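> pasting the structure only:
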């Protein structure tokens, strides 16, 4: 554990305090830090009451009383923050005339800030239903801010995307970046809701209003939040997995990996054109391979092909 860094102090401040705890009073110039880091680190330690600086020397102070005082200040700040939140929530509710577990934002900047906050505050899991590219057609789809950072710190992200996202190369490239970073992605033909759920603590329902504005409804813990989580899980069970990339070995004619990939895309509702682009082959090749699979499984239609493939455990 890094106790002082956990309180927000810099690594240099923690290193200096540890050295002082062992060596006692030391000249400022002898401290284990570069000059530009040292001055800032000493200011951090003085603010917490962990050192005193006088006549070019630094003396350590006992940590218990100093940090207990710091803890008391933070506890008072936390209490004040909760009381302020309650007051502001009442004002917000009176103004918005919404249920106590609902908040709404009617600006694109506000929506972006709420999405980033949900991702930054997530500790265990984020679940998402994504209609497809939510940008205007002229905008380049990109990885949502905070997504890669959340994945890097171990947050599990599960997302179900509308099949439309696979028809836009830039959107698909952004999706693959997330999958390569650890996101679990699935595809479903028709997603009717754009939603994020963070740690079962909050859900964001995002939709485009008039013109270019995006609106968001934030749902706090409630029966509605539980219901939205159930909606996600239903889509997750029905959706098909999406791999990050198409491997060269997967493209060998007749390979099991390719057949499963083709069936997955077919079940997700993709057109032959989209499947061909994903597999790196022609539409004629896709149609021929689907026909071959239908013959192998005795399926008269593509729907029957999907049913038979599921029974065989191929998808």
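Arrived safely. Note that the structure is a prediction, hence the values are computed from the model and not measured. Residues are numbered from 1 along each chain as shown.
> Can you tell me how far residue 295 is from residue 270?
Residue 295 is 21 Å from residue 270, where distance means Cβ to Cβ, to the nearest Å. Heads up, the C-betas are built off the backbone N, CA and C, glycines and all.
> Between those two, tell me which one has more neighbours.
More neighbours surround residue 270 than the other of residue 295 and residue 270, with 23 against 10 (other Cβ atoms under 10 Å).
> Verify the stated contact: the more buried one with residue 279.
No: using Cβ atoms under 8 Å, residue 270 is not in contact with residue 279, being 10.4 Å away.
> next helix or strand past the helix or strand residue 148 falls within?
Per DSSP states H and E: residue 148 is located in helix 147-152. Sequence order places strand 156-162 as the next helix or strand after helix 147-152, per DSSP H and E.
> tell me which residues of that following strand are tucked away?
157-162 (16 or more other Cβ atoms under 10 Å).
> Neighbouring strands - and their directions - for that strand?
Counting by DSSP bridges, the strands paired with strand 156-162 are strand 125-130 (parallel), strand 184-188 (parallel).
> what residues does the shortest one touch?
With Cβ atoms under 8 Å, 6 or more residues apart in numbering as the contact definition, strand 184-188 has outside contacts at 156-163, 165-166, 175, 178-179, 235-236, 238-242, 264-265, 268-270.
> rerun that using 10 Å as the cut-off
127-130, 156-166, 175-176, 178-179, 235-244, 264-265, 267-270 (Cβ atoms under 10 Å, 6 or more residues apart in numbering).
> cool, stretch 53-71 as well?
Contacts for stretch 53-71 (Cβ under 10 Å, 6+ apart): 3-4, 7, 16-31, 38-39, 42-43, 45-52.
> In helices, which of these appear?
3-4, 16-23, 38-39, 42-43, 45-47 (DSSP state H).
> Quick one: buried ones out of these?
Buried among the ones in helices among the contacts of stretch 53-71 (16+ other Cβ under 10 Å): 4, 16-17, 19-20, 38, 42, 45.
> got a markdown table for these, with pLDDT and distance to residue 66 too?
Converted to a markdown table, these look like this (pLDDT from 0 to 100; distance: Cβ to Cβ, whole Å):
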| residue | pLDDT | distance to residue 66 |
| --- | --- | --- |
| 4 | 85 | 11 |
| 16 | 89 | 15 |
| 17 | 89 | 11 |
| 19 | 88 | 17 |
| 20 | 88 | 13 |
| 38 | 84 | 20 |
| 42 | 89 | 15 |
| 45 | 89 | 9 |
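> Quick one: these as CSV, columns for distance to residue 309 too.
What follows is those, written out as CSV (distance: Cβ to Cβ, whole Å):
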residue, distance to residue 309
4, 58
16, 64
17, 63
19, 65
20, 68
38, 66
42, 67
45, 65
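> show me the contacts for the nearest residue to residue 51 once chain neighbours are set aside.
Distance criterion Cβ to Cβ, 6 or more residues apart in numbering; nearest residue to residue 51, sequence neighbours excluded, is residue 45 at 4.4 Å. Contact analysis of residue 45 by Cβ under 10 Å, 6+ apart lists 4, 9-10, 12-14, 16-17, 20, 51-53, 58, 60-61, 66.
> hmm, 7 Å instead?
13, 16-17, 51 (Cβ atoms under 7 Å, 6 or more residues apart in numbering).
> Check residue 38 too.
Taking Cβ under 7 Å, 6+ apart as the test, what residue 38 contacts is 12, 31.
> before we move on, what about residue 177?
Residue 177 is in contact with residue 143, counting by Cβ under 7 Å, 6+ apart.
> And it, how far from residue 28?
Applying Cβ to Cβ, the value for residue 177 to residue 28 is 47 Å.
> how deep is residue 115 tucked in, by neighbour count?
Counted with other Cβ under 10 Å, residues neighbouring residue 115 total 21.
> so which strand or helix has it?
Here residue 115 is assigned to helix 108-121, by DSSP H and E.
> so what secondary structure elements neighbour that helix?
strand 195-198, strand 202-208, strand 214-219 (3 or more Cβ pairs under 7 Å, 6 or more residues apart in numbering; DSSP states H and E).
> So which bits of the first one are buried?
Neighbour counts over strand 195-198 (16+ other Cβ under 10 Å) mark 195-198 as buried.
> what lines up beside that strand in the sheet?
strand 125-130 (antiparallel), strand 202-208 (antiparallel).
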